[in-house]
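> with the input below, show me the fold.
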Amino acid sequence: MKILVTGGAGYVGSHAVIDFCDAGHDVTVYDDLSLGMTDNIDIRATFVEGSTHDISLLRDVLSQGFEAVVHFAAWKAAGESMVDPKKYSHNNMNGTLNILNIMMDLNIKYFIFSSTAAVYGFPEYLPIDEDHPVNPINYYGYTKLAIEQNLKWFSDLQGLRYAALRYFNAAGYDVKGRIRGKERNPQNLLPVVMEVASGIRNSLKIFGDDYKTHDGTGVRDYIHVNDLATAHIKALDYLVDNDKDIVLNLASGEGFSVLDVINETEKVSGNAVPYEIEGRREGDPAELVSISKLAWAHLKWKPVFSDLNTLITSTWNVYKP
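Numbers count the residues shown, from 1 in each chain. Below you'll find the model as predicted:
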C-alpha cells in the first residue's frame, strides 16, 4: 500500500516508518523538520519536506496515488498548550483538517491518527479503559479530542475509515538501534532523566513526593515506541480487512514511578541522577495506568518491549556519551 506518513521524521513517526517499510509498504515521509530530523528517516522511504499548512504542496503530494495517511505531525507539550493555544489550534487542528479535506477530495480512505491519553483528563477510575469519560484538562488534549470528533463525522458523512490510537507515555528507542536522533527540547521524564545521566543537565525536578503511591512520586504507564509502531501496522491492516473504525488505548498496563525510572537509569548507566523535590504541579494525578483491552480484542496487539529495563536500556543506548 502507498502510505503518506506526516511527521515521519519525528520520534514516534520515524519508528513507525521503519515498520511500515519492513511490512513492504511504499512509504513517503512528509515533515517540516520543526521537530523531526532527516537522520531518523529510513532510507527506503521517500522524503518530502513540507508543512500541513502548505495546502498546494500537500495536495500535489497526496495526488500521487496514496491510499492511506498515518498522521503524527502535531505539537505535544501539554503545558505549552495552556500558554500558547493558538500554536496548538493552528497545527494540531487546522493542519489535520487540511489533510482530511484533501483526502476526501482525492478519495483516500484510510487514516491512522496519533491521539493521546490526554483526552481522558483526570482519572475517575483506574486502570483507564476506552469507556472512561473524555474530559481533557489541557488544551493539547482538547485538540486531539476535537480531531477524533471530526474523524467520526468524516466517517459518517464521507466514508473515511480511521483508527484513533490513544497513546499513554511513549518512551524508549528502537531496540535494534536504527533510530539515533534525540528529541529536541524534551519535556517528558525519560529523556530528561537521560540528559542528567549523560551530563547534559545538572539535575532534574520531581514535582511532588507525597502522593499515595509506593514511593510518593507520580506513577505513569510507559509504552515502548517499538510497541507503538507495531500497533500502527496492525491498525491499518484492521481498517482494510474490516472496513470499520477503531478508537483504542495503547499502554503497557503497568505503572512506574518517577523514582523507579531514576533508580533503573542509575543501574543501567552507572551514573548518578541528581534530583530536586518541588511542589506538586496543578492537574497532575498521583497515578495514570491504562488497560488496552480493545487493542488486544481488535488487533491482537500487546506490548513486548515495555518493561522498565528495556525502556531505560534502549534510551540510554542513544544518550550515553
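
> and the protein, split by domain according to the record?
Using automatic domain parsing, the domain ranges for the chain come out as 2-171+223-250, 189-221+253-294+305-319.

> JSON lines please, covering those domains and showing mean neighbour count and mean pLDDT.
(Each C-beta comes from the backbone N, C-alpha and C, glycine too.) Converted to JSON lines, the domains of the chain look like this (neighbours: other Cβ atoms under 10 Å; pLDDT from 0 to 100):
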{"stretch": "domain 2-171+223-250", "mean neighbour count": "19", "mean pLDDT": "97"}
{"stretch": "domain 189-221+253-294+305-319", "mean neighbour count": "18", "mean pLDDT": "96"}
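
> now do the helices in the protein.
Assigned helices in the chain, in chain order: 11-22, 55-62, 78-83, 85-88, 95-106, 139-158, 189-197, 225-242, 258-269, 293-299, 308-319 (criterion: DSSP state H).

> relative to residue 127, which of those is closest?
For residue 127, the closest of the helices of the chain is helix 293-299, at 9.4 Å, according to Cβ to Cβ.

> buried stuff in the closest one?
Judged by neighbour count using 16 or more other Cβ atoms under 10 Å, the buried positions of helix 293-299 are 294-295, 298-299.

> chain center to it, what's the gap?
Taking the mean C-alpha point of helix 293-299 and that of its whole chain, the gap between them comes to 18 Å (Cα atoms, centre = their mean, to the nearest Å).

> stretch 208-215 too?
Relative to the centre of its chain, stretch 208-215 is centred 26 Å away, using Cα atoms, centre = their mean.

> what is the end-to-end distance of it?
Length of stretch 208-215, first residue to last, Cα to Cα, to the nearest Å: 11 Å.

> and stretch 281-289, by the same measure?
First residue to last in stretch 281-289 (Cα to Cα) measures 19 Å.

> got it, and stretch 50-67?
End-to-end distance of stretch 50-67 (Cα to Cα): 19 Å.

> thinking again about what came up before, just send the helices of the chain back as a markdown table, with distance to residue 45 too.
Compiled in a markdown table, the helices of the chain are given as follows (distance: least, Cβ to Cβ, whole Å):
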| stretch | distance to residue 45 |
| --- | --- |
| helix 11-22 | 5 |
| helix 55-62 | 13 |
| helix 78-83 | 29 |
| helix 85-88 | 27 |
| helix 95-106 | 18 |
| helix 139-158 | 24 |
| helix 189-197 | 24 |
| helix 225-242 | 13 |
| helix 258-269 | 31 |
| helix 293-299 | 23 |
| helix 308-319 | 20 |
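
> for residue 178, which of those is the nearest?
Here helix 11-22 is closest among the helices of the chain (Cβ to Cβ), at 5.9 Å.

> helices or strands next to the closest one in the packing?
Helix 11-22 is packed against strand 2-6, strand 26-31, strand 68-71, helix 225-242, with contacts defined by 3 or more Cβ pairs under 8 Å, 6 or more residues apart in numbering; DSSP states H and E.

> residues in contact with stretch 7-18?
Contacts made with stretch 7-18 from outside it, assessed by Cβ atoms under 8 Å, 6 or more residues apart in numbering, are listed as 5-6, 27, 29-31, 33, 35-38, 40-42, 45, 47, 70-74, 114, 167, 170, 174, 178-179, 181, 183, 225-226, 228-229, 232-233.

> from residue 208, how far off is residue 282?
To residue 208, residue 282 is 11 Å away according to Cβ to Cβ, to the nearest Å.

> next one: residue 64
In this structure, residue 64 and residue 208 are separated by 50 Å, where distance is defined by Cβ to Cβ.
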